[in-house]
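Provided below for reference: sequence and predicted model.
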Amino acid sequence: MKPLLWMLVTMTAGLVGCGQGADEDLRQWMQAQFNDSKPQVQSINPPTQFVPQPYALGGADPFGPDRLAAVLQGSSATPVASSALLASEQRRRKEPLESFPLEDMSMVGLLDRSGRKVALLKVAGLLHQVRVGNYLGPNFGRVTKITEAELTLREIVQDSVGEWSERTTTLQLQEEISR
């Protein structure tokens, strides 16, 4: 029992030595280091003054009020045919495949139903049967022709001036390579 008692006394003396006075040197050193350190702050340059430059091409300002007025006058005189074309498209009921962009659709097959061709489109992992006259895509795309190799659409799009015009788009048959 004597070695255990001796060890207990030694540990108690060691713990008494680790009291408040032992770390006072460390605290003084830390305070001295804090007092001696000076932050090095570099001054920031003041912002430069913005100087607008004249338009390089000369002539009328492309963003000026005169240019805007000319564009607005041109758009108010849109042809009746293009506005009637768009109005008829907006009055009809939307079809389900009009909510998907054409980039997400792929033509994967063709069926012949009583002499009428039906294209098989894969959209969002599902197969859809599409006939001439159905609508696809967000640009009022109407199927005008279905062949063995492609599906042709007539779309109504708006150009940079704001005029509505027709364009033809095709979806090619996607052949899957079996491995």
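Received it, and whenever you're ready, just let me know what you need. Numbering: from 1, shown residues only.

Okay, the most centrally placed residue in the chain and Arg142: tell me how far apart.
The residue lying closest to the centre of the chain (C-alpha atoms, centre = their mean) is Pro101, at 14.5 Å. When distance is defined by C-beta to C-beta, to the nearest Å, Pro101 is 16 Å away from Arg142. The C-beta positions use only the backbone N, C-alpha and C, and glycine is treated the same way.

now swap in Leu126 and tell me
21 Å.

So the two - more neighbours on which side?
When Leu126 and Arg142 are compared for neighbours, Arg142 comes out ahead with 18 against 7, by other C-beta atoms under 10 Å.

where does the chain have low pLDDT?
1, 13-22, 55-62, 68, 70-84, 176-179 (pLDDT under 70).

Can I get the helix or strand containing Leu153 in PDB, CA atoms only?
Secondary structure assignment for Leu153, by DSSP states H and E: strand 150-158. Only the C-alpha atoms of strand 150-158 are listed here, as PDB (Å, rounded to 0.1, in the frame of the first residue of the first chain):
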ATOM      1  CA  GLU A 150     -38.800  12.900 -90.300                       C
ATOM      2  CA  LEU A 151     -41.700  14.900 -88.900                       C
ATOM      3  CA  THR A 152     -42.200  18.500 -90.300                       C
ATOM      4  CA  LEU A 153     -43.600  21.300 -88.200                       C
ATOM      5  CA  ARG A 154     -44.800  24.800 -89.000                       C
ATOM      6  CA  GLU A 155     -44.000  27.100 -86.000                       C
ATOM      7  CA  ILE A 156     -44.900  30.700 -85.400                       C
ATOM      8  CA  VAL A 157     -42.100  32.700 -83.800                       C
ATOM      9  CA  GLN A 158     -41.400  36.300 -82.900                       C
END
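
And for the helix or strand that that strand is followed by, what's in contact with it?
Next in sequence after strand 150-158, counting helices and strands by DSSP H and E, comes strand 164-172. The contact list for strand 164-172 (C-beta atoms under 8 Å, 6 or more residues apart in numbering) reads 78, 82-83, 85-86, 102, 105-107, 119, 121, 137, 141, 144, 149-159.
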